[in-house]
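let's see this in three dimensions:
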Amino acid sequence: MTRSGLTLHEPNAFLLSWAESELRGALARSPLPGAFEIFAQGSRANNTYLATGSDIDLVLMRRAPFEGGWTDFRDDVLAALGEIWPVRMGRRCLNVDDPGSLFGEMVDVLVATEYLSSSGEQGVYFLDREGRPIVNFPKQHRRNGDEKDLRTGGRFKQVVRTAKRHRPPGTPSYLLECLLHNVPDHIYRAPSAYRDALAWLRRCHREDPAAFAALPCQNGINRLFGPGPDQWEPAEAARIIDVLHQI
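Okay, here's the model as predicted:
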C-alpha cells in the first residue's frame, strides 16, 4: 500500500503523523461541528507493536464544550468519512472497509468525546457496541509507559513485546501492558527481566491477592480489574501470567 511514495516500511513516527494528517484532511472536506483533536494511541504509538503490518490506532476526540453527545458526534463522523470511503463501526472503533482506499483495513479510529476527571485529567468517553460507557486516558497511558521505559533503559517495552508475542489467543494486549507496568522498575534492570517480571506478578497474586486486585492501569487513574467492559478478572490475569512464565 503506497501513497505519495510512502510505504509501510517508513519509520513508525512518520507513519503515525501521516495517518493523522490524512484523517484530518479527509474530515476537512465535510467539516464537523465544534473543535476536535486527533492523536495516536495503541501499540504503534506506544512502540510495543510486533510487526510493520500492525494496525494504526487513532483517536478522534471532540473537545468540550459541545452540544449533543457521543452518539451525535459518532454519526457526524460516519457521515463525513462515508462520503469518501465505505466505513462501519466495529466493536469500539470506526473501520474503513475499502481495501483499495488510503487506509485499507489497517487504521482503526476511536470516535470519542472529551472527558475531564474530578482532578482535571483529560480522558476520552465513548460507548462500545453494546452501548456500555467507557472512560479511558490514552495520553496518560502513553506518557507513563514512555517514562517507565526510560527509567528501565528500554527493558519495560522489550518485555511487553515479548509477552505479547507469546500471549495466549484472546489476551488483550492493552491489559497485558498495564499489568506489566505495575512491576517495579528495578526488576526490569535485571538480566532476566522477562522471567523476573512475571515471577513478581505471580508472587503478588499468591501472597497478597487484595493488592493484586487493586492494581491500577498504566494510565494511573483507572483500575485494572473490575466489572467494566475494559477491565480484567484477577483470576484470568493470573492464569495468563502462569502460561507466560512457563515459556
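
what residues of stretch 29-36 count as buried?
Neighbour counts over stretch 29-36 (16 or more other CB atoms under 10 Å) mark Phe36 as buried. (C-beta placed from N, C-alpha, C; glycine too.)

any idea how far it is from the chain center?
The chain centre lies 24 Å from the centre of stretch 29-36; the measure is CA atoms, centre = their mean, to the nearest Å.

what's the end-to-end length of that stretch?
Using CA to CA, to the nearest Å, the end-to-end distance of stretch 29-36 comes out at 15 Å.

let me see the mean pLDDT of that stretch.
Average pLDDT, stretch 29-36: 86.

which residues of the protein fall in strands?
With DSSP state E as the criterion, the chain has strands at 36-41, 56-62, 87-89, 94-96, 107-116, 122-127, 133-136.

and these, which is most packed in?
With neighbours taken as mean count of other CB atoms under 10 Å, those reach their highest mean count in strand 56-62, at a mean of 25.

where in this protein is the helix or strand with the lowest mean pLDDT?
Lowest on mean pLDDT, DSSP states H and E among the helices and strands of the chain sits strand 94-96, with a mean of 83.

so what touches that one?
Contacts to strand 94-96, defined as CB atoms under 8 Å, 6 or more residues apart in numbering, come from residues 60, 74, 77-78, 81, 85-89, 103-105, 107-111.

residue ranges of the helices in this structure, please?
For the chain, applying DSSP state H gives helices covering 12-28, 42-45, 70-82, 138-151, 155-166, 173-181, 185-188, 193-207, 209-213, 234-245.

note down every partner strand of the least confident helix or strand of the chain and its orientation.
Within its sheet, strand 94-96 is paired with strand 87-89 (antiparallel), strand 107-116 (antiparallel), according to DSSP bridges.

re the thing from before, distance to Gly153 added to the strands of the chain, as JSON lines?
As requested, these are exported to JSON lines (distance: least, CB to CB, whole Å):
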{"stretch": "strand 36-41", "distance to Gly153": "24"}
{"stretch": "strand 56-62", "distance to Gly153": "26"}
{"stretch": "strand 87-89", "distance to Gly153": "41"}
{"stretch": "strand 94-96", "distance to Gly153": "37"}
{"stretch": "strand 107-116", "distance to Gly153": "31"}
{"stretch": "strand 122-127", "distance to Gly153": "30"}
{"stretch": "strand 133-136", "distance to Gly153": "28"}
